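S.K.: Pasting the sequence and the predicted model now:
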Amino acid sequence: MSEEKFTLRVPDELPEGFPEYISQGEHSVTLAPGDTVEVDSRRFADWLVRELGLVDVTPAATDGFPEDLPGRNVLIRENLTIEAVKEYTREQLIALDGIGEKTADAIIAYFADHGGKE
Amino acid sequence: MSETPSARGYGWGLQADYLTQKSLSAGAIKEIVCMDQNFADFEPQTSNDEDWSHPNINSPTDEWIETQNFRVSHSIPAFSQMLGELLYINGSYAVATPGGGSSSKAHTFKPTDPTVTRQDKAVTYCETTGPGWNILAPSCVADGWVLKGNGKGVLTADFNLIGSGKLNLAPSTTWYPTGTPHVARRTGQHKLFNSQVALVVTDAGSPTTYGCRYRSFEFAYRKTMLDDAGMSPGCGNFLVAGDPTSGMVRSAHEFDKQMLDFTLQVDMAVGSPEAIAVQQQKPLLVVMTAAGGIIEGAIRHQVKVTVPVAKYKTSKPTVGDGIMQFAITGKALFDFATNKLFEVELINDVTNYASAF
């Protein structure tokens, strides 16, 4: 079974009678204004968005991006996969908003040192 | 010393998921106050070699267990607090604080949305009749409920629990008078009565408040269960863990269809509007409210069943309490406008059913 988590944000302003806690089958979540909550089911997350107006703020998949990878936050923000980034040229990296020449060189050097693109 | 039915006891405890039995600790299981004297039905499903070839033997020579089964039926008084536990294990749930309330809570129950899951919550069920019978069945789910009221009495609810097939005939479960037993006794319950019921049926925006014409109601929520699909051979779950000859038990128990039927009994009125509603198959909004004692301020213990779209199937003259009445049967239809088949709102002093039992 997947252990993937989905992150949702509860609106700051809630109408009267908005639930403090809600469940569907074995899935449940406690809700408070402005809270960020995690659920373990994509279907439940979608239901909470659809029925209660929660906002899906699940971070883009970060699987495979090492903590010490230069420019990591930019690459995650751009919704890139590590496999794609390994194939990027220096020019393609520099074209990303937030990656300069120095960081692009550092990324290429990182993959060279850690078994990336030949 | 003989034991009498007054020694009988029932209890349940909410499981974290279908497969994980509720751990036994002081008060972990909550007593179910039952009006019946029902006990567990368990019957291994067996097969034999009766039709297999054995030269000149025309009788079975062997029999074996294939699966284990467990179920039990109960009728409970619709205590405001205990009723919510039954509703909780049967569907989706939300809790909010009603306007002006602090200790009172408004609990809303609806059928589980099958786009999210088909696995409703499971309980670990216990029963005893004294030293001769003390059992524990984990992974029990309900296949619905029947909420009803008639005459002068307390509202009641009927239900079935269907287990995975696991059954412990010698659990360590402790009951009163053991000090701090596993099964917590239920006290401080608030009763709801049929005399507190208000029935309103709305036809095309025009409400009929039955008032003194109301007599009785019955709402029956039923789920068809995927009994066989839950017996998943690949999961390797058996009555005795690690003993594949002890009989397969369920690894999940999901529902298929969800339906709500109802019966109402009302005094007749000139023009037979209920019969006309049958003949014309009018879509009706049915709201039944039973309001009991005060919790705080003006907030009362209350159960309210709302069927946003219902159609009557029959409306037959019948005799009740020596007078002519209509016995109405009907069925709920899924309402696209409100995205639900029905809704039950329960107001009481339970903080949250997720941690109530």
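M.R.: Received the coordinates, thanks. Because the structure is predicted, anything quoted here is derived from the model rather than measured. Numbers count the residues shown, from 1 in each chain, chains lettered A, B, ... in the order given.
S.K.: And for the single nearest residue of the stretch 201-350 of chain B relative to chain A, the neighbour number?
M.R.: As assessed by C-beta to the nearest C-beta, chain A sits closest to B:Asn339 within the stretch 201-350 of chain B, at 7.5 Å. Heads up, the C-betas are built off the backbone N, CA and C, glycines and all. When neighbours are defined as other C-beta atoms under 10 Å in any protein chain shown, B:Asn339 has 12 of them.
S.K.: Same check on the one 5 residues further on?
M.R.: Residues near B:Val344, counting by other C-beta under 10 Å, number 22.
S.K.: Give me the contacts around the stretch of helix or strand it belongs to.
M.R.: Using DSSP states H and E, B:Val344 falls within strand B:343-348. Applying C-beta atoms under 8 Å, 6 or more residues apart in numbering or on different chains, the contact partners of strand B:343-348 are B:80-81, B:83-84, B:87, B:98, B:104-110, B:147, B:190, B:295, B:299-306, B:308.
S.K.: mind checking how far that strand is from the chain centre?
M.R.: Centroid separation for strand B:343-348 versus its chain: 15 Å, with C-alpha atoms, centre = their mean, to the nearest Å.
S.K.: model confidence over that strand, on average?
M.R.: Regarding strand B:343-348, the rounded mean pLDDT is 98.
S.K.: So which residues make contact with the lowest-mean-pLDDT helix or strand in chain A?
M.R.: Lowest by mean pLDDT, DSSP states H and E among the helices and strands of chain A is helix A:72-77, with a mean of 82. With C-beta under 8 Å, 6+ apart as the test, helix A:72-77 has contacts from A:59-60, A:62, A:65-66, A:69, A:82, A:85, A:96-99, A:103.
S.K.: Might you report the residue contacts of the residue nearest to the spatial centre of chain A?
M.R.: The residue lying closest to the centre of chain A (C-alpha atoms, centre = their mean) is A:Pro59, at 1.5 Å. By C-beta under 8 Å, 6+ apart, the contact list for A:Pro59 reads A:7, A:76.
S.K.: Which helix or which strand is home to it?
M.R.: Here A:Pro59 is covered by no helix or strand, with elements defined by DSSP H and E.
S.K.: How about the residues of chain A by chain B?
M.R.: When proximity is defined as C-beta under 8 Å from any C-beta of the partner chain, chain A approaches chain B at A:16-28, A:41, A:43-44, A:46-47, A:51.
S.K.: Just the buried ones among those, please.
M.R.: A:18-19, A:21-28, A:41, A:43-44, A:46-47 (16 or more other C-beta atoms under 10 Å in any protein chain shown).
S.K.: quick revisit: downstream of the least confident helix or strand of chain A, the next helix or strand is which one?
M.R.: Counting by DSSP H and E, the element after helix A:72-77 in chain order, helix or strand, is helix A:82-87.
S.K.: how far out from the middle of the chain is that next one?
M.R.: Distance of helix A:82-87 from the chain centroid (C-alpha atoms, centre = their mean) equals 17 Å.
S.K.: Restricting to C-alpha, output that helix in PDB.
M.R.: Extracted in PDB, the C-alpha atoms of helix A:82-87 (Å, rounded to 0.1, in the frame of the first residue of the first chain):
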ATOM      1  CA  ILE A  82      15.700  14.100 -11.200                       C
ATOM      2  CA  GLU A  83      15.900  11.900 -14.300                       C
ATOM      3  CA  ALA A  84      14.900  14.900 -16.500                       C
ATOM      4  CA  VAL A  85      17.400  17.200 -14.800                       C
ATOM      5  CA  LYS A  86      20.200  14.800 -15.300                       C
ATOM      6  CA  GLU A  87      19.600  15.100 -19.100                       C
END
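S.K.: Show the subsequent helix or strand relative to that helix.
M.R.: Next in sequence after helix A:82-87, counting helices and strands by DSSP H and E, comes helix A:90-94.
S.K.: Which neighbouring elements make contact with that following helix?
M.R.: Applying 3 or more C-beta pairs under 8 Å, 6 or more residues apart in numbering or on different chains; DSSP states H and E, we find helix A:90-94 packed against helix A:101-113.
S.K.: what comes into contact with the helix it packs on?
M.R.: Residues outside helix A:101-113 that contact it (C-beta under 8 Å, 6+ apart): A:68-71, A:74, A:85-86, A:88, A:90, A:93-94, A:99, A:116-117.
S.K.: please redo it, this time with the cut-off set to 6 Å
M.R.: A:69-71, A:86, A:90, A:93-94, A:117 (C-beta atoms under 6 Å, 6 or more residues apart in numbering or on different chains).
S.K.: before we move on, the earlier item: measure the spatially closest residue to the residue of the stretch 201-350 of chain B closest to chain A that is not a sequence neighbour to B:Thr338 for me?
M.R.: Leaving aside its sequence neighbours, B:Asn339 sits nearest to A:Glu51 (C-beta to C-beta, 6 or more residues apart in numbering or on different chains; 7.5 Å). Using C-beta to C-beta, to the nearest Å, we find A:Glu51 at a distance of 11 Å from B:Thr338.
S.K.: Partner strands of whichever helix or strand B:Lys304 is part of, with direction?
M.R.: With secondary structure defined by DSSP H and E, B:Lys304 is part of strand B:299-320. Strand pairing for strand B:299-320, determined by DSSP bridges: strand B:284-296 (antiparallel), strand B:323-332 (antiparallel), strand B:343-348 (antiparallel).
S.K.: Nearest to B:Pro131 among those strands would be which one?
M.R.: Of all the strands paired with strand B:299-320, it is strand B:343-348 that lies closest to B:Pro131, at 35.3 Å by C-beta to C-beta.
S.K.: hmm, back to that, pick the most buried one from the strands paired with strand B:299-320.
M.R.: strand B:343-348 (a mean of 22; mean count of other C-beta atoms under 10 Å in any protein chain shown).
S.K.: As a check, name the ranges of all helices in chain B.
M.R.: With DSSP state H, the ranges of helices along chain B come out as B:80-88, B:273-280.
S.K.: Identify, out of the ones you listed, the most deeply packed stretch.
M.R.: Using mean count of other C-beta under 10 Å, helix B:80-88 ranks as the most buried of the helices of chain B, with a mean of 23.
S.K.: what does it rub up against?
M.R.: Contacts of helix B:80-88 with the rest of the structure, by C-beta under 6 Å, 6+ apart, involve B:107, B:109, B:145, B:157, B:159, B:189-190, B:192, B:301, B:344, B:346, B:348, B:350, B:353, B:357.
S.K.: And stretch A:9-27, by the same measure?
M.R.: Contact partners of stretch A:9-27, identified using C-beta under 6 Å, 6+ apart, comprise A:30-31, A:33-36, A:41, A:44, A:54-55, A:57, B:17, B:92-96, B:99, B:112-113, B:116-117, B:119-120, B:352.
S.K.: what's the average pLDDT for that stretch?
M.R.: Confidence for stretch A:9-27, expressed as mean pLDDT, is 93.
S.K.: Now do the end-to-end distance for that stretch.
M.R.: End-to-end span of stretch A:9-27 (C-alpha to C-alpha, to the nearest Å): 17 Å.
S.K.: Which residues of the stretch 101-250 of chain B lie near chain A?
M.R.: Residues of the stretch 101-250 of chain B lying close to chain A (C-beta under 6 Å from any C-beta of the partner chain) are B:112-113, B:116-117, B:119-120.
S.K.: Determine which two of those residues are furthest apart.
M.R.: Farthest pair in these (C-beta to C-beta) is B:Asp113 and B:Gln119. Separation: 12.1 Å.
S.K.: Now B:Asn150: closest residue in space, sequence neighbours ignored.
M.R.: In this structure, B:Asn150 finds its nearest non-sequential neighbour in B:Ser216, 3.5 Å apart by C-beta to C-beta, 6+ apart.
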